[in-house]
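quick one, fold the following:
(one chain, ligands or ions: 1)
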Amino acid sequence: MKLFLDSANLDEIREVASWGVLDGVTTNPSLCSKENVTFEDNIRAICALTSGPVSAECVSLKAEEIIPEARTLARIAPNVAVKIPVGLEGLKAAKMLDGEGIAVNMTLVFSAGQALLAAKAGARFVSPFIGRLDDVSEDGMALIEEIVEIFENYRFKTEVIVASVRHPRHVIEAARIGADIATVPFAVMQKLVRHPLTDAGVEKFLADWRKVKK
Ligand code: G3P
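Prediction:
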């Protein structure tokens with residue numbers, strides 16, 4: 001399973017890269033708005049911190065505008081994946097961009113039908129937002145199960161990025177289902193590595209070590 005960091009913050013990305021577990025990064029306009037740097041400079045800097053895919057989001061709504069915007073983003077670095085919201089215009093753009101060898105991450109996916117069409121249009125990734133579904137009392141993880149099953153049935157090469165991750169169980173459940181990727185916020189990444197019993201165990205071993213005759 002690949003782990004992406006869902007962040008536009010260079011310190012967070014550098015930190016997780018240093019753990020040896022970073023396979024890529026996803027950003028979105030909300031994450032980029034928190035950083036005090038121009039969008040393009042930030043994406044360029046992120047791309048230098050990982051050789052994995054770095055998602056940068058298009059904000060145009062019409063295919064004829066999404067396509068040139070995506071081409072511009074793809075020129076920033078070879079590992080840019082352009083994020084495009086799913087929809088009729090997004091599908092048209094994805095088909096064209098896939099033909100040009102540009103990786104598309106079809107985002108804001110909330111149904112299996114959207115994921116199926118995105119895969120057929122040639123998206124390299126689909127990003128179902130599970131936390132936002134859970135927030136409205138739907139079952140985000142059930143959507144991941146559906147999409148993974150459909151993609152396996154037809155051997156689609158499109159990879160499933162489990163997005164809008166809220167807590168470590170989301171990552172574990174996604175891994176059990178066999179989702180290709182989870183994109184994880186920094187705080188959840190930290191929670192994945194920590195356990196109070198590990199901390200207590202280290203403390204006890206150190207205390208006992210002090211009693212060992214040396
Ligand atoms: O990057 C897209 C997605 O992960 C956003 O998550 O927490 O804003 O629903 P969230």
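
for Val188, give its distance to Val109.
Using Cβ to Cβ, to the nearest Å, Val188 is found at 20 Å from Val109. Where you see a C-beta, it was placed from the backbone N, CA and C, and this is true even at glycine.

should've said Asn42
Counting by Cβ to Cβ, the gap from Asn42 to Val109 is 24 Å.

again, but for Arg14
Separation of Arg14 from Val109 (Cβ to Cβ): 29 Å.

tell me which of the two has more neighbours.
For Arg14 versus Val109, neighbours defined as other Cβ atoms under 10 Å are more numerous around Val109 (26 against 14).

just give the nearest non-adjacent residue to that one, would you?
Spatially, and ignoring its direct neighbours in sequence, Val109 is nearest to Pro128 (4.4 Å; Cβ to Cβ, 6 or more residues apart in numbering).

relative to the host helix or strand of the one you found, what are the paired strands and their orientations?
When elements are assigned from DSSP states H and E, Pro128 belongs to strand 125-128. Pairing partners of strand 125-128, with direction, according to DSSP bridges: strand 104-109 (parallel), strand 159-162 (parallel).

quick one: check the last one for contact with the ligand.
No. Counting by Cβ under 6 Å from any ligand atom, the ligand is not contacted by strand 159-162; separation bottoms out at 8.4 Å.

what's the next helix or strand after that strand in contact with?
Next in sequence after strand 159-162, counting helices and strands by DSSP H and E, comes helix 168-177. The contact list for helix 168-177 (Cβ atoms under 8 Å, 6 or more residues apart in numbering) reads 1, 3, 130-131, 140-141, 144-145, 148, 162, 165, 182, 184, 188, 191-192.

buried subset of those as a PyMOL selection?
Here is the PyMOL selection string for the buried members of the contacts of helix 168-177, based on 16 or more other Cβ atoms under 10 Å:
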select buried, resi 3+130+131+140+141+144+145+148+162+165+182+184+188
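
what residues does the protein put near the ligand?
Going by Cβ under 6 Å from any ligand atom, the residues of the chain near the ligand are Asp6, Thr26, Asn28, Phe129, Gly131, Arg132, Ala163, Ser164, Thr183.

which two of those residues lie the greatest distance from each other?
Thr26 and Arg132 (14.5 Å; Cβ to Cβ).

which of these two has more neighbours?
Taking other Cβ under 10 Å, Thr26 and Arg132 do not tie; Thr26 has more neighbours (27 against 15).

give me the distance between the more buried one and Ile66.
Counting by Cβ to Cβ, the separation of Thr26 from Ile66 is 18 Å.

please work out the average pLDDT along stretch 166-173.
Stretch 166-173 shows a mean pLDDT of 98.

now stretch 184-196
97.

what's next to it, contact-wise?
Among residues not part of stretch 184-196, those counted as contacts by Cβ under 8 Å, 6+ apart are 3-7, 9, 12, 15-16, 19, 165-168, 170-171.
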